[in-house]
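**Q** would you be able to build a 3D model of this:
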Amino acid sequence: MITTIISLFILLFAITIHEAAHGWAAYRLGDPTARLAGRVTLNPLAHIDIFGTVILPLLLALFGAPVFGWAKPVPVNPNFLRNPRKDGFWISLAGPAANVLAALSALLLIVILKLVSPVTTAALYNFLTSRGGLPPGLQPLQGLVIILFYLVLINTYLVAFNLIPMYPLDGSGVLEGLLPDRLADSYARLRPYGFLIVIILISVGLLDLIIRPLQYLILAIIFF
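**A** Model prediction:
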């Protein structure tokens, strides 16, 4: 229950900065649509999708699976963009970039706390190996490290998930912006089948293949 509560609150934060970054990038590139719709904000209520932000993450957390999800898509009007495909690349990349920044910042704080007080990461280890039970005598800094750890993990999950190069995920906009015009047009024909392809890729374990090495890397940085 503790892990579920921590994960859901952090996911809400991660999705909020992700969507706000999309809207901010679009606004900077000339499209005011998201700003006028109130989506360039750190108020999570503006971004919540009932299924993607609440129901799915809750089910994943309860079953012990990696917690991720999505929010309401940020509206983008390509008619306002000078170069829709090139600008779309930066708008798509902005969301995952915000999550990368959040994950790296949290990881850096964990490393600093570990150097200042090694007992903090010992408490994190005890927490993880006790299947989510709080260690007795938990101190504020030790609790902070546990929260920061999930901040790193969940933001990393979101990056891995959203950069799958298939519509409607951000990776499709990133890839489309990198492809030559002819290939980008051919790639765009997959859009109607994108969501189905994403479901198939996840069901065959693609996301797990990406996330596992990242998990091991994060644990190695923290504990060694």
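**Q** what pLDDT does Ser117 get?
**A** Note on Ser117: pLDDT of 85.
**Q** that one against Leu141, yeah?
**A** Yes. Look at Ser117 against Leu141 with Cβ atoms under 8 Å: they come within range, at 6.1 Å. C-beta coordinates here come from the backbone N, C-alpha and C atoms, glycine included.
**Q** what ranges does this structure have for its strands?
**A** In the chain, no segments count as strands under DSSP state E.
**Q** just for it, where's the confidence low?
**A** Within the chain, the segments meeting pLDDT under 70 span 1, 66-68, 131-138.
**Q** can you report how many residues lie near the nearest residue to Phe149 once chain neighbours are set aside?
**A** Sequence neighbours aside, Leu124 is the residue nearest to Phe149 in space, at 5.7 Å (criterion: Cβ to Cβ, 6 or more residues apart in numbering). For Leu124, the count of nearby residues is 24 (other Cβ atoms under 10 Å).
**Q** then Phe149?
**A** Close neighbours of Phe149, defined as other Cβ under 10 Å, add up to 22.
**Q** before we move on, back to that, wait, the residue nearest to Phe149 sits on Gln142?
**A** Yes. Judged on Cβ under 8 Å, Leu124 makes contact with Gln142 at a distance of 7.3 Å.
**Q** returning to that earlier point: what distance do you get for the residue nearest to Phe149 to Asn99?
**A** From Leu124 across to Asn99, the span is 21 Å (Cβ to Cβ, to the nearest Å).
**Q** tell me how far Ala103 lies from Ile218.
**A** Taking Cβ to Cβ as the measure, Ala103 falls 8 Å from Ile218.
**Q** likewise Leu207?
**A** Where Ile218 is concerned, Leu207 sits at a distance of 16 Å (Cβ to Cβ).
**Q** count of neighbours near Val204?
**A** Val204 is flanked by 10 other residues according to other Cβ under 10 Å.
**Q** next, the contact list for Leu42, please.
**A** Contacts for Leu42 (Cβ atoms under 8 Å, 6 or more residues apart in numbering) come out as 16-17, 20.
**Q** same check, this time on Leu151
**A** By Cβ under 8 Å, 6+ apart, Leu151 lies in contact with 10, 13-14, 102-103, 106.
**Q** identify the residue nearest the most centrally placed residue in the chain in space, chain neighbours excluded?
**A** Nearest to the geometric centre of the chain sits Leu158, at 2.4 Å (Cα atoms, centre = their mean). Distances taken as Cβ to Cβ, 6+ apart place Asn99 nearest to Leu158, at 4.9 Å, with adjacent residues excluded.
**Q** mind listing what the one you found touches?
**A** Applying Cβ under 8 Å, 6+ apart, the residues contacting Asn99 are 14, 17-18, 155-156, 158-159, 162.
**Q** and the two most separated of those?
**A** Ile17 and Thr156 (13.8 Å; Cβ to Cβ).
**Q** biggest helix in the chain, by residue count?
**A** Assignment by DSSP state H gives helix 84-116 as the longest helix of the chain.
**Q** how close does the closest residue to His18 other than its chain neighbours sit to Ala21?
**A** Leaving aside its sequence neighbours, His18 sits nearest to Gly95 (Cβ to Cβ, 6+ apart; 4.2 Å). Computed as Cβ to Cβ, the Gly95 to Ala21 distance reads 5 Å.
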